[in-house]
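A.B. asks: I would like the atomic coordinates for the input below:
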Amino acid sequence: QVQLVESGGGLVQTGDSLRLSCAASGRTFSNYGMGWFRQAPGKERQFVAAVTSRGERTYYADSVKGRFTISRDNAKNTVYLQMNSLKPEDTAVYYCAAKFAVLVTGNYDRGYDYWGQGTQVTVSS
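C.D. replies: Sure, this is the predicted structure:
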């Protein structure tokens, strides 16, 4: 079992930045690929970004590429999502997730085993 706790959400204005954190506990963090997803009101949850277990590869949704950066610190059991140039359409609840598998093209956006409770990000125009 892996427990995930997100933090860092809030209310910001268009163009601002936020950094989300996700602290993991319970199993060996460095064995898990990690992802960030988001869900806006009335919409399905969507993939945002993912990072492999050792941080050697990252993947991004087209909508956030060039603005968001995912990273991890295995010594701190934490994954981060740095969000720059935020837009109103980035408003959503953001979830981190853990996957006990090697992340590769074709699987990095699905099949996650554990999920956090989410943190709200609201971007005002």
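A.B. asks: Isn't residue 81 up against residue 64?
C.D. replies: No. Checked against CB atoms under 8 Å, the pair residue 81 and residue 64 is beyond contact range at 9.0 Å. Where C-beta positions appear, they are placed from N, C-alpha and C, glycine not excepted.
A.B. asks: got any residues that touch both of the two?
C.D. replies: The overlap between the contact sets of residue 81 and residue 64 (CB atoms under 8 Å, 6 or more residues apart in numbering) consists of 48, 49.
A.B. asks: more crowded one of these two?
C.D. replies: residue 81 (27 against 23; other CB atoms under 10 Å).
A.B. asks: And the pLDDT for the most centrally placed residue in the chain?
C.D. replies: Closest residue to the average C-alpha location of the chain: residue 36 at 2.1 Å, with CA atoms, centre = their mean. Predicted confidence (pLDDT) for residue 36: 98.
A.B. asks: same thing with residue 68?
C.D. replies: 98.
A.B. asks: Counting neighbours, what do you get for it?
C.D. replies: As a measure of burial, residue 68 has 22 neighbours, counting by other CB under 10 Å.
A.B. asks: Thanks again, I'm all set now.
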